[in-house]
Structure formats: C-alpha cells, structure tokens
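A.B. asks: Let me see the structure of the following:
(one chain, ligands or ions: 2)
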Amino acid sequence: MAPLAACDDRPALRRELRRRRRTLDARAQRLASMALVHQLMQLSSLRYARHVALYLPEKGEIDPTPLVDWLHRRGIRVYLPVLRPLVENRLWFVHWRPDTHMVLNRFGITEPDLRQSGHRIRRLPPWAMDVVLMPLVGFDAQGHRLGMGGGFYDRTLAFASNTCGPRPTLIGVAHDCQQVEALPHQPWDVNLDMIVSDRQVLRPRPATS
Ligand SMILES: Nc1nc2c(c(=O)[nH]1)N(C=O)[C@@H](CNc1ccc(C(=O)N[C@@H](CCC(=O)O)C(=O)O)cc1)CN2
Ligand SMILES: Nc1ncnc2c1ncn2[C@@H]1O[C@H](COP(=O)(O)OP(=O)(O)OP(=O)(O)O)[C@@H](O)[C@H]1O
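C.D. replies: Residues are numbered from 1 along each chain as shown. Ligands and ions are numbered 1, 2, ... in the order given. Prediction:
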C-alpha cells in the first residue's frame, strides 16, 4: 500500500490510519506480528538489553508480544506502560511476569495492577529502561511519529531528547501501511532511534536542530 499523502489535520490523519490498521484481518495481523518480531530479534539494542518495555496491542496495533518468550529466555525483563495516577498523561513502566495481576485502565487497555505491582522495586524510572517499544499510529521516512494523541509517550520520554545520561533506545513499531509521506515535526515530539514495521527498519538521522 502506498504511503498516505501528507495532511496537516492530525486528528483526521489519526482516524484514517487507525481505520487502516483495523481493516487487517486476523491472519494479516499474525503475519505482520511475526515479521515485526523477526526484525526486532536481530537488533543488538534488544539482544543486549536487560529491561525492555513493550505494550499489549489493541484495536489493530501491531502485536509485539510474541517477543516476550524470547526476551524471558534471554533473562531480559519485560515492562508494560501503566497510566500514572495523579499525574496528567504520563506513564510508568511496570515489570510484568506471567503471574502479574492485571486490570483495565480508563481506555479499556489491560495493564499491571498498581495495587499489586506498584511497589518501587517493580517499576523502573524511564531513564533506566534499555529499550522502549512504542506503538505508532503513523510514521514517516524521516522518523517523525504520530501517536494516540494523549502525549503519554512524549511526556514520559521528553528527558531522552536532552540528556547526556542514560536513556533508552526508543523504537517505534507499526504496520507498514501506517507510513505517511511526511508528518510535521512538533516541538514536543520525542526523537525515535528506530522505526520497525513488518517490512522495514528505519534509522532516522539525529535531528540537527
Ligand atoms: N496498547 C497501547 N497501550 C498504551 C498506549 C497505546 O497507544 N497503545 N498508550 C499510548 O499513549 C498509553 C495509553 N494512551 C491512550 C491514549 C488514547 C487512547 C484512546 O483510545 N482514546 C480514545 C478515546 C478516549 C477515551 O476513551 O476517553 C480514542 O482516541 O478513540 C487510548 C490510549 C498507554 N498504553
Ligand atoms: N513533553 C510534553 N510536555 C507537555 N505537554 C506535552 C508534551 N508532549 C506532548 N504534550 C502535549 O500532548 C498533546 C498530545 O501530543 P501529540 O498529539 O503529539 O500526541 P501523540 O504523540 O500522538 O501521543 P503519544 O505521545 O501518547 O503517543 C499535545 O497537546 C501536546 O502539547
């Protein structure tokens, strides 16, 4: 499918791209997920990671979860995003294991239950993650991204654009059909180190300004 033409209306673009990914049937979703995970398993940033955040897919998002067994076999810890209570539109990354008790958040997405796993030891500050896989609604070849519109990842990972200290490798993941010709860069957008789809691995050059 050809990349969608550029469009300044972000909400309209978001709607169209979300519609696109929902039209993929179960088989196409499974194949895309396998192809994505195959690409991810080749990346040294993941092979040498200790702490990796991913997400549970919803509404047609590409599914990164077949990676979980591979990560666990390598002794890599898996974290999931949890909506931070009391702080507006920010995330915590909470350690997940198969026995973690889960609840639905206000968007109907399953997340670790903070009453059980919110203890300090089970969550890591974002700077201590080695890799964060984040779901994209749209992306372009320059590495610009469009998310769900809440600014959750942008706020949580804003520090990564201005630090010389430790920071995770930020990898946006999406179906290839979510590519757009060009997305306007917003001042608050976090810079991605990589975008991986079922068909390609993009390594955007660092921004010069
Ligand atoms: N799978 C997954 N988990 C995730 C995210 C994500 O994009 N995907 N997030 C990434 O940020 C965070 C949650 N952010 C979200 C932001 C908006 C909506 C959303 O569906 N909004 C609805 C209407 C809002 C409502 O129901 O009140 C919509 O756009 O239709 C969902 C999640 C954390 N967890
Ligand atoms: N670092 C930040 N500090 C304060 N507000 C922010 C920050 N990043 C984003 N925002 C605000 O969040 C809102 C949503 O941003 P945007 O439309 O870029 O979300 P998104 O990138 O699609 O979502 P997400 O980051 O959850 O994937 C914007 O109104 C923006 O002003």
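A.B. asks: Backbone dihedrals for the residue most central in space within the chain, please?
C.D. replies: The residue lying closest to the centre of the chain (C-alpha atoms, centre = their mean) is residue 134, at 0.7 Å. Torsion angles at residue 134 (phi, psi; degrees, to the nearest 10) stand at phi -120, psi 140.
A.B. asks: Check whether stretch 97-117 comes near ligand 1.
C.D. replies: Yes: Stretch 97-117 is in contact with ligand 1 by C-beta under 6 Å from any ligand atom, via 107, 109. Every residue, glycine included, has its C-beta placed from N, CA and C.
A.B. asks: tell me which residues in that stretch are buried?
C.D. replies: By neighbour count with 16 or more other C-beta atoms under 10 Å, stretch 97-117 contains the buried residues 100, 109, 111, 112, 114, 117.
A.B. asks: excluding its backbone neighbours, what's nearest the second one?
C.D. replies: Here the nearest residue to residue 109 in space, its sequence neighbours aside, is residue 58; by C-beta to C-beta, 6 or more residues apart in numbering that works out to 5.6 Å.
A.B. asks: average pLDDT across the longest helix along the chain?
C.D. replies: As assigned by DSSP state H, the longest helix anywhere in the chain is helix 26-41. Helix 26-41 comes out with an average pLDDT of 98.
A.B. asks: can you check stretch 142-152 too?
C.D. replies: Averaging pLDDT along stretch 142-152 gives 95.
A.B. asks: hmm, who's touching it?
C.D. replies: Here stretch 142-152 makes contact (C-beta atoms under 8 Å, 6 or more residues apart in numbering) with 10-11, 13-14, 17, 81, 83, 89-91, 134-139, 153-154, 172, 180, 182-185, 188-192, 195, 202, 204-205.
A.B. asks: switch the cut-off to 6 Å
C.D. replies: For stretch 142-152, contacts defined as C-beta atoms under 6 Å, 6 or more residues apart in numbering pick out 89, 91, 136, 137, 138, 139, 153, 172, 183, 185, 192, 204.
A.B. asks: How about the residues of this protein by ligand 1?
C.D. replies: Within the chain, the positions near ligand 1 by C-beta under 6 Å from any ligand atom are 55-58, 61, 81, 91, 107, 109, 135, 147-148, 150, 152-153.
A.B. asks: just the buried members of those residues?
C.D. replies: Counted by 16+ other C-beta under 10 Å, the residues of the chain next to ligand 1 give 55, 56, 57, 61, 81, 91, 109, 135, 147, 148, 152, 153 as buried.
A.B. asks: In the chain, which residue sits nearest ligand 2?
C.D. replies: In the chain, the residue found nearest to ligand 2 is residue 147; the distance is 1.8 Å by C-beta to the nearest ligand atom.
A.B. asks: Now residue 171, what are its backbone angles?
C.D. replies: Torsion angles, degrees, to the nearest 10, at residue 171: phi -120, psi 110.
A.B. asks: Residue 174 now?
C.D. replies: phi -160, psi 160.
A.B. asks: my guess is it meets residue 197, correct?
C.D. replies: Yes: in this structure, residue 174 is within contact of residue 197 by C-beta atoms under 6 Å, at 5.4 Å.
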